[in-house]
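Enquirer: Here's a sequence, model it:
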Amino acid sequence: MQALFVHGMGRLPLSGWPMLHKLRAGGLRTITFGYLVTFEDFASIKRRLVAKLREVAATGDYIVIGHSLGGVLLRAALNDLPAGTRLPKHVFLVGSPIGPARWAQLLGKNPLFRLVTRDCGQLLGSEQRMGEIGGVLVPVTAIVGDLGLPNWISPFKGAPNDMIVSLPEVSADWVPEYVHVPVSHSFLPSSRRVADIVLERLRQAAG
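Expert: Numbering: from 1, shown residues only. Predicted structure coming up:
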């Protein structure tokens, strides 16, 4: 089984190293996909990811793991795969917003945020663009951090959160399973607990 990891905005593939190391120890072949939002718009990153998914799918069964914007990119790319392409056995969305992200909305007009995050930052704050991406038709597990901001400084109006996204932002009626871990957003992709959840779900699927 192959595992393709797509990191979050402002991160690098190395952000998932401890998790990926544990997945390799569990028998998976790990693959990463990198991008830089400052130099690429969402559509161009998605096109490259579609090509990567087709390459991985051609070699056998696989799962995908997307942290934050990486999960958004994976959903968009999976929905753009040509008919007949092998789909992943499981999609793991790790702290990945499904609706518009509150922080992106709050910072959307900030010049520095716009300069650094460009098109992808604007997409994350857009209800229309996020809504157009849609769900995926394969098994999905959302892994949600809950080591969040206290209510008195949180923009999430009391909702459980991981400091960057809240539970309502990562929720959808097509997501059948949510697993909570006591980890903040930035440390989710490096969490060995996340790797444990992935391996547990694969063992369950194998019977």
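Enquirer: could you measure L106 against F156, distance?
Expert: Distance of L106 to F156, given as CB to CB, to the nearest Å: 11 Å. The way it works is simple: take the backbone N, C-alpha and C, and place the C-beta from them, glycine included.
Enquirer: Quick one: list the elements packing against the helix or strand hosting R48.
Expert: Following DSSP states H and E, one finds R48 within helix 42-57. Judged by 3 or more CB pairs under 8 Å, 6 or more residues apart in numbering; DSSP states H and E, the packing partners of helix 42-57 are strand 2-6, strand 29-33, helix 69-78, helix 111-124.
Enquirer: Export these to TSV and append columns for mean pLDDT and mean neighbour count.
Expert: As requested, the helices and strands packed on helix 42-57 are exported to TSV (pLDDT from 0 to 100; neighbours: other CB atoms under 10 Å):
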stretch	mean pLDDT	mean neighbour count
strand 2-6	98	25
strand 29-33	98	18
helix 69-78	98	26
helix 111-124	97	17
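Enquirer: hmm, what's the outermost residue in the chain?
Expert: W152 (27.6 Å; CA atoms, centre = their mean).
Enquirer: mind listing what that residue touches?
Expert: Contacts for W152 (CB atoms under 8 Å, 6 or more residues apart in numbering) come out as none.
Enquirer: Now do it, the pLDDT please.
Expert: W152 carries a pLDDT score of 87 in this model.
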